[in-house]
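Starting from these lines, generate the structure:
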Amino acid sequence: MDEKTRTEEFSVDGERIVSKIKELLHEGNIRKVIIKDKDGKVLLEIPVTIGVVGVLIAPQLAALGAIAALLTEATIVVEKTE
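Have a look, this model is predicted:
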């Protein structure tokens, strides 16, 4: 069975990155999350395995919190399955 994927991009303030990621993960169907700075440079890429979101994502969210403190603006790219 072929799964179709699509990407969505969200521009957020640095202080809202972690909360937006948590909100998106709660929605489900996410395969990958990519965080880019305002210049488009990839800062963090998190593959998300279906059903393994909770404990395994926690360390990446902690790292993301540290990165977010340094950013004024970022882009969140989300790859979703349909």
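
Which helix or strand contains residue 74?
Using DSSP states H and E, residue 74 sits within strand 73-81.

meant to ask about residue 22
Going by DSSP H and E, residue 22 is in helix 17-27.

before we move on, back to that, show me what the strand holding residue 74 is packed against.
Packing contacts for strand 73-81, counted by 3 or more C-beta pairs under 8 Å, 6 or more residues apart in numbering; DSSP states H and E, involve strand 5-13, helix 17-27, strand 30-37. C-beta: built from backbone N, CA, C; applies to glycine.

I'd like to know which of these is closest to residue 72.
Distance to residue 72, taken as C-beta to C-beta, is lowest for strand 5-13 among these, at 7.0 Å.

Going by neighbour count, which residues of that closest one are buried?
residue 12 (16 or more other C-beta atoms under 10 Å).

likewise stretch 18-30?
In stretch 18-30, counting by 16+ other C-beta under 10 Å, buried: 18, 20, 21, 24, 25, 30.

beta partners of the nearest residue to the third one once chain neighbours are set aside?
In other words, residue 21. In space, and not counting its chain neighbours, residue 21 is closest to residue 33: 6.1 Å by C-beta to C-beta, 6 or more residues apart in numbering. Per DSSP bridges, the residues bridged to residue 33 are residue 46, residue 78.

Can you report how many residues lie near the residue nearest to residue 13 when sequence neighbours are not counted?
Of all residues not flanking residue 13 in the chain, residue 73 sits nearest, at 6.3 Å (C-beta to C-beta, 6+ apart). Residues contacting residue 73 under the criterion other C-beta atoms under 10 Å number 11.
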